[in-house]
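In: have a look at this prediction, sequence included:
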There are 2 protein chains.
Amino acid sequence: MKTRATGRKRSSSPSLTSFARQLLAEWKELGLPLADETLVIAVSGGADSTALFLGFDELTKKEKLRLNLIVAHLDHGLREASKKDARWVSQFAKELGYDTMTGRAKLEKTPKRATNNLEQAARKARYEFLLRTAKKKHSTLVLTAHTLDDQAETVMMRLLRGSAAEGLSGTQPIRQLAPGSTVKLVRPLLSWARRSDTESYCAGRQIDFRVDEMNEDESFSRVRVRKQLLPLMKSFNNRIVETLSRTATLLSEDATALTDEARRLLELATPNSQATSGNNSETKLPSLNVDVLLKAPAAVRRRALREWILRTRGDLKRLEMVHLLAVEKLLSGERGGRVAELPAGMKVTRKRGLLELSAKKRVEKGPGDA
Amino acid sequence: MKTRATGRKRSSSPSLTSFARQLLAEWKELGLPLADETLVIAVSGGADSTALFLGFDELTKKEKLRLNLIVAHLDHGLREASKKDARWVSQFAKELGYDTMTGRAKLEKTPKRATNNLEQAARKARYEFLLRTAKKKHSTLVLTAHTLDDQAETVMMRLLRGSAAEGLSGTQPIRQLAPGSTVKLVRPLLSWARRSDTESYCAGRQIDFRVDEMNEDESFSRVRVRKQLLPLMKSFNNRIVETLSRTATLLSEDATALTDEARRLLELATPNSQATSGNNSETKLPSLNVDVLLKAPAAVRRRALREWILRTRGDLKRLEMVHLLAVEKLLSGERGGRVAELPAGMKVTRKRGLLELSAKKRVEKGPGDA
């Protein structure tokens, strides 16, 4: 990224810090608006989000951007210091002249249960809060401060869990904040900033960011990836974070091309091509022609099946590769009427040369049945 | 794999060990001949290759296969014990009733230089020896004993170095032994056998395999991946070896589909579609139409460029992702006559809407210039 920053005409922004200059370059690269918009910036008080906010503060005050900045802070209520963090963020934003929207999550602290589930619940609460805040402030741009280091951690988390190209693509710099929403979630640090860059920028601006002790808690897989796995990988390749991020980008391009192919296949495999007319999510998707699917490359077929399930269910929650492989097996199966089970009580059946997707009646389990 | 073995009718092979049964299942899965062929089996004397050889010995003696087995052993001459290993292998094969072809590599032991280069030179010498042996014995099937563990190590080596889907696909169970050769290199243990399986099988047959101390030498990256990185990853996912192998298979399917797409793109981008007629490797490939390339998905375009370079140069040696990215940059460049440098003195030039590939005169360097 240095080359990019260096390559720019310095005279046009003589007083910008290197951090702000790179942030602006990425903002333009992503094709995002330079004026007349409200940005909701998620600020926990840690180095990354504080730097992100400070970067936009610098770009606004130096008139490179004419955007309205709103700080959003969710108090997860999981740590002793969390109230202090919330006060610190809103005080700090106020001193710089910005409003802070503070929310409070109602997460249950269940230390005996899997901490990774707690982390997921916290993330869900955070995104819901950001969406509410964006709506309240009539903003369509919510910003989070994920860095290159976060990207490398995500790639390794996915690899450890077992992933195909989609999972290993990591996080995307822009996506919809929620399905069907016009609010975009933007990560302007993702493709260039190291965690050390955010820390240096905060230090340079003499801001003493907060430290989240959950970032040190090795009962979280992500913290162990950061503290143990990536340092070991760095002993093989000093630029492992950048290397993993580049791999993620390449695999993301692969996934995009194959997903487009898969959509075309889905259309071909749908008798009477009803799939394309089904923009209404209520429409039940027709069955798929097994012979058409069998002629496609495995990589495209697998994605077509995934997309078919997504369109019917509305989400891919808990859908793992094993489920798709089970559906794939139905295709080559010789007996008729075979069934593959999917999560959330759905199943795929092969009948007379067609694959059908249907819901089973769900049986609610008591807490002791898990 | 247990399921596969369990699912088979045990009555059909009552006396086969589980290892031999799984080996036979994989051999059939790969569509390989059951009779009237000569197999050249590369045996170092370690657990994996000894087990591979013993497995075929069992399948032959129990009349599941009617194949002629030849043991091939290359003495790399790099270790004190290497002569002993060679004697052990040929003695052991003789006791079981097989001939051994032994070769000796002339590798220079240069401890001051990169050990990974030495490992590559050893691999090259080994494959050349196997090809010579196959030709001498009129065999078209050379077998090596790569296991699931080797596959996981390869995936991690590639990830550490920086790879796209092709690299992360790992090793394929069947490939040509050399470009243009009719001899196939087959890895019948790759998709199912753990290293612990080969050790148990040797133990069960009361064969005391040899231990290669180079497998313990942590100056080799691969040994460090095996001894440090994979054990740490296993602490996150107990089945990490199988997980990585599955990811490799999925990414290999992606790469296959995208490579086929890329070949079609290459044809489209070649004025007068001369590309398809160029089976003769002497034929200089025509230039590529920049506009056609720009319309394709990035993932397909990148592979088309790679294939174009491969067809022209005859190999992809030392071609790294950075080189392809440099060629990609030419496409979007606005100035004419820009150049991207490739390894081995080749370069790609953009001229009047076309990409051209050409060789620069190579300057031979003296040994002191490196």
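Out: Good, I have the coordinates. Numbering: from 1, shown residues only, chains lettered A, B, ... in the order given.
In: so where is chain A shaky, pLDDT-wise?
Out: A:1-14, A:108-116, A:272-285, A:334-337, A:360-370 (pLDDT under 70).
In: and the strand ranked longest in it, how far from the chain's centre?
Out: Longest strand in chain A by number of residues (criterion: DSSP state E): strand A:66-75. Centroid separation between strand A:66-75 and its chain, computed with CA atoms, centre = their mean, to the nearest Å, is 19 Å.
In: residues from the stretch 201-350 of chain A in reach of chain B?
Out: With the criterion set to CB under 8 Å from any CB of the partner chain, the stretch 201-350 of chain A comes near chain B through A:221, A:224-225, A:228-229, A:232-233, A:236-237, A:240, A:243-244, A:246-247, A:250-251, A:253-258, A:260-261, A:297-300, A:302, A:321. (Each C-beta comes from the backbone N, C-alpha and C, glycine too.)
In: emit the ChimeraX select command for whichever of those are buried.
Out: Those of those that count as buried under 16 or more other CB atoms under 10 Å in any protein chain shown are selected in ChimeraX with:
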select /A:221,224,225,229,233,236,237,240,243,244,246,247,250,251,253,254,255,256,257,258,261,297,298,299,300,302,321
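In: just the ones of the residues of the stretch 201-350 of chain A next to chain B in helices?
Out: In helices, judged by DSSP state H, the following of those are found: A:221, A:224, A:232-233, A:240, A:243-244, A:246-247, A:250-251, A:253-258, A:260-261, A:298-300, A:302, A:321.
In: show me where chain A has its strands.
Out: Under DSSP E, chain A gives strands at A:35-42, A:66-75, A:99-104, A:141-143, A:174-176, A:184-186, A:288-289, A:339-341, A:346-351, A:354-359.
In: for these, which one ends up most surrounded?
Out: Across the strands of chain A, the average number of neighbours (mean count of other CB atoms under 10 Å in any protein chain shown) peaks for strand A:141-143, which reaches a mean of 24.
In: contacts for that one?
Out: Contact partners of strand A:141-143, identified using CB atoms under 8 Å, 6 or more residues apart in numbering or on different chains, comprise A:32-33, A:37-42, A:52, A:56, A:72, A:130-131, A:133-134, A:177, A:183-188.
In: tell me which parts of the stretch 51-200 of chain A are close to chain B?
Out: So far as CB under 8 Å from any CB goes, the stretch 51-200 of chain A lies against chain B at A:159-165, A:168.
In: among those, which pair sits farthest apart?
Out: Greatest spacing in those, by CB to CB: A:L160 and A:A165 (16.0 Å).
In: between those two, which has more neighbouring residues?
Out: Taking other CB atoms under 10 Å in any protein chain shown, A:L160 and A:A165 do not tie; A:A165 has more neighbours (30 against 20).
In: just give me the neighbour total for the closest residue to A:H73 other than its chain neighbours.
Out: Leaving aside its chain neighbours, A:H73 sits nearest to A:V89 (4.5 Å; criterion: CB to CB, 6 or more residues apart in numbering or on different chains). By the criterion of other CB under 10 Å, A:V89 has 23 neighbours.
In: A:F236: what's it in contact with?
Out: With CB under 8 Å, 6+ apart, A:F236 has these contacts: B:160, B:221, B:224-225, B:229.
In: out of the residues you listed, which touch chain A?
Out: Okay, of those touching chain A (CB under 8 Å from any CB), that's B:160, B:221, B:224-225, B:229.
In: most neighbours among the residues of the stretch 51-200 of chain A next to chain B, which one?
Out: A:A165 leads those on contacts (other CB under 10 Å) with 30 neighbours.
In: can you tell me the closest non-neighbouring residue to A:T259?
Out: Nearest residue to A:T259, sequence neighbours excluded (CB to CB, 6+ apart): A:R303, at 5.5 Å.
In: ok, back up a step: could you tell me which strands the longest strand of chain A is paired with, and in which direction each runs?
Out: Strands adjacent to strand A:66-75 in the sheet, as given by DSSP bridges, are strand A:35-42 (parallel), strand A:99-104 (parallel).
In: what would the ones you listed look like in TSV with distance to B:E119?
Out: What follows is the strands paired with strand A:66-75, written out as TSV (distance: least, CB to CB, whole Å):
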stretch	distance to B:E119
strand A:35-42	47
strand A:99-104	55
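In: state the distance from the closest residue to A:H138 other than its chain neighbours to A:L316.
Out: Spatial nearest neighbour of A:H138, chain neighbours left out: A:T38 (6.5 Å); criterion: CB to CB, 6+ apart. Distance of A:T38 to A:L316, given as CB to CB, to the nearest Å: 31 Å.
In: could the ones next to chain A among the contacts of A:F236 go into CSV alongside distance to A:E119?
Out: Shown next, in CSV, are these (distance: CB to CB, whole Å):
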residue, distance to A:E119
B:L160, 27
B:S221, 33
B:R224, 30
B:V225, 28
B:L229, 24
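In: which of those residues sits closest to B:S18?
Out: In terms of CB to CB, no member of the ones next to chain A among the contacts of A:F236 lies closer to B:S18 than B:V225, at 28.2 Å.
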